[in-house]
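Trainee: need the 3D shape of this:
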Amino acid sequence: METKYRVGIAGAGIGWLHAAAFQELGNWFEICSVCDINEARALNLAETCGAKATTDFQQLLEQKDLDIIDICTPSYLHTQQTLAALRAGKHVILEKPAAGSLREVDEMIAADRSSEKRILPIFQQRLGVGVQKLKFLQSRGLTGRAYLCVAETAWRRRPEYYETWHGRWATELGGPLVTLGIHAHDVAMHVLGPAKRVSAQIATLVNPIETEDCAAISMQMEDGSMASFSVTTGCAREITRHHFCFSRLSAESNFEPYGNTSEPWTFSGDTPEIDQEIEQALLEFKPLPEGIPGLFYRYYQAIEKGTELPVTLQDARRSIELITAIYYSARTGQTVGLPIESDHPYYNGWFE
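Mentor: You can find the predicted model right below:
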C-alpha cells in the first residue's frame, strides 16, 4: 500500500494552487490543515479541502499527524518558518524566494543536512514539457554548445497589487526580480548551468514602490555562453519568453506569461539533417507531469525512494546568489563574479 503524506498548508494565497495540485495527487497527499493569519481565508481554503483551519503557525507545527508543511506565506517569513518546521520534525515545501540572503539559505542547507526531513524549494516552471524536451535533446548530445539565452518576464502589476506586502523590502524582499522573474531565471540556469559574471541595471518606473520594477541583466555563464534577462511589471500584453541558441539548434518557447515552459516549443536545427535528428529523437521522448502537480509528483517519488529532489536547496541558493549579484551590480556599477562567498558585502542580504 502506498504511503499517503498528510499536509498542512501555511498561506491561503498561492496556497490555493498548491492545494489543487495535492488534490490531483490524492492517492499520495491529504490536506489536513490550513493556516492563514486571515481567518476567513483559512476557513475558505480549509472547507474546500475538507481540512481544519487555524490562524496560528505554531499550532500548525504542533499537529503531530502532519508530515509536510507547505509554506506559501509572504517572502520574509520563509526562512524562519522553514527552520521551525524542520525543528518540529516535518518535511517542508517552500515557495520562492527561499530566503532573503545567502546566509539564510546556507542556514537552511546546514539544518537540512542535520535533519532526516527534506526541503523542496518551488521552481515548477523548469518542469514544463517544452523544457523537458530541451533537456532530453541536451542529454542526447543534439543541442551542441550553448551560445546565447534570452529570458523575458514582461508582466503587468497595477497599484492594487502593492496594497499589502508586495513592493516592500521588508516583506517581499525585493521587486519582480525576487518573486516574478525568478522562475524564468531558474529555467535558464536549469538548462545552461550557473552564471559566472553578472552586470545589471534596475529601476522603479511603473509604480511608486520601494523596490525595483524593471531590470536588465547581462551575464556570462559558467559554460562560456551569454545570457540576457529582462523583467518588468509594465507590459500591457503580458509575456514570458525563453530563446536558446546552440551550435546545432535553437529552442524557443511560446509567450504564455504564466506557462511558457509548457508546449508548444519550437526546435530548429541548423541544417535539414539536424532537423531530422531532432524529429527522430523526440519520437522517443516521454513527458512526465509538469507544473506544481509535476513537482509534487517528483517530490513524492524522491521521499519514498530516497533519491535526489527535483529542485534542491543548492538550486535555491544559485537563484539567491544571482539575485544578490544583480542588486550589487546595479547599485555599484560593477560586474560581479560568481560564486559569492561569505565575505561578500551582500552575503547577509541586499537590503537593510
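
Trainee: alpha carbons only for contacts and neighbour counts from here, please
Mentor: Noted.

Trainee: in the protein, which spans are strands?
Mentor: Assigned by DSSP state E, the strands in the chain fall at 5-10, 29-35, 52-54, 68-71, 91-94, 119-121, 146-156, 195-203, 214-221, 226-232, 234-246, 249-252, 266-269, 336-337.

Trainee: buried deepest among the ones you listed, which one?
Mentor: Comparing these by mean neighbour count (mean count of other CA atoms under 10 Å), strand 68-71 comes out on top with a mean of 28.

Trainee: which other helices and strands contact that strand?
Mentor: strand 5-10, helix 78-87, strand 91-94 (3 or more CA pairs under 8 Å, 6 or more residues apart in numbering; DSSP states H and E).

Trainee: could you export these as CSV, including distance to R331 and mean pLDDT?
Mentor: Shown next, in CSV, are the helices and strands packed on strand 68-71 (distance: least, CA to CA, whole Å; pLDDT from 0 to 100):
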stretch, distance to R331, mean pLDDT
strand 5-10, 34, 98
helix 78-87, 25, 98
strand 91-94, 29, 98
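
Trainee: make a markdown table from the strands of the chain and add distance to G259 to it.
Mentor: Below are those laid out as a markdown table (distance: least, CA to CA, whole Å):
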| stretch | distance to G259 |
| --- | --- |
| strand 5-10 | 23 |
| strand 29-35 | 24 |
| strand 52-54 | 31 |
| strand 68-71 | 22 |
| strand 91-94 | 20 |
| strand 119-121 | 18 |
| strand 146-156 | 11 |
| strand 195-203 | 24 |
| strand 214-221 | 21 |
| strand 226-232 | 16 |
| strand 234-246 | 8 |
| strand 249-252 | 13 |
| strand 266-269 | 15 |
| strand 336-337 | 31 |
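
Trainee: what domains does the record give for this protein?
Mentor: Here the domain assignment for the chain is 5-123+294-310, 125-289, based on automatic domain parsing.

Trainee: select, out of those, the one closest to T332.
Mentor: The closest of the domains of the chain to T332 is domain 125-289. By CA to CA, the value is 9.7 Å.

Trainee: just how off-centre is the closest one within its chain?
Mentor: On the basis of CA atoms, centre = their mean, to the nearest Å, domain 125-289 sits 12 Å off its chain's mean C-alpha point.

Trainee: again, but for stretch 301-317
Mentor: Its chain's average C-alpha position is 14 Å from that of stretch 301-317, according to CA atoms, centre = their mean.

Trainee: what's the local residue count around I303?
Mentor: I303 sits with 14 neighbouring residues when counted by other CA atoms under 10 Å.

Trainee: same question but for K305, I mixed them up
Mentor: 9.

Trainee: on that earlier part again, so which of the strands of the chain is nearest D112?
Mentor: Of all these, strand 119-121 comes closest under CA to CA, at 7.0 Å.

Trainee: show me what the closest one is packed against.
Mentor: strand 91-94, helix 313-332.

Trainee: give the pairing partners of it; include direction for each.
Mentor: strand 91-94 (parallel) (DSSP bridges).

Trainee: need the contact partners of the partner strand.
Mentor: 67-72, 78, 82, 85-86, 117-122 (CA atoms under 8 Å, 6 or more residues apart in numbering).

Trainee: ok, now which ones touch the residue minimising distance to the centre of the chain?
Mentor: Taking CA atoms, centre = their mean as the criterion, F123 is the residue nearest the geometric centre of the chain, at 3.0 Å. Contacts for F123 (CA under 8 Å, 6+ apart) come out as K96, H183, D186, V311.

Trainee: repeat that for 7 Å
Mentor: Counting by CA atoms under 7 Å, 6 or more residues apart in numbering, F123 touches H183, V311.

Trainee: and it, how far from E290?
Mentor: Counting by CA to CA, to the nearest Å, the separation of F123 from E290 is 11 Å.

Trainee: picking that back up, out of the helices and strands packed on strand 119-121, which is closest to A19?
Mentor: Comparing the helices and strands packed on strand 119-121 by CA to CA, strand 91-94 comes nearest, at 12.2 Å.

Trainee: picking up where we left off before, of the domains of the chain, which is nearest Y328?
Mentor: Between the domains of the chain, domain 125-289 lies closest to Y328; by CA to CA that is 8.5 Å.

Trainee: what's the per-residue pLDDT of F351 here?
Mentor: Confidence at F351, expressed as pLDDT, is 89.

Trainee: from now on call the first residue 16
Mentor: Yep, numbering from 16; the last one is F366 now.

Trainee: now it, nearest residue through space, not along the chain?
Mentor: W184 (6.8 Å; CA to CA, 6 or more residues apart in numbering).

Trainee: which residues touch that neighbour?
Mentor: Applying CA under 7 Å, 6+ apart, the residues contacting W184 are E225, T226, F366.

Trainee: try it again with 8 Å
Mentor: G190, E225, T226, F366.

Trainee: how many residues are close by the first one?
Mentor: Other residues lying near G190 total 24 when counted by other CA under 10 Å.

Trainee: thought it was touching T226?
Mentor: Yes - contact criterion CA atoms under 8 Å: G190 and T226 qualify, at 5.1 Å.

Trainee: ok so, going back, any idea which of the contacts of strand 106-109 is closest to S245?
Mentor: Ranked by distance to S245 (CA to CA), these are led by I137 at 21.2 Å.

Trainee: now do the closest one, the pLDDT please.
Mentor: On the pLDDT scale, I137 gets 98.

Trainee: apart from its chain neighbours, what residue comes closest to I224?
Mentor: G182 (5.5 Å).

Trainee: separation between the one you found and E227?
Mentor: 8 Å.
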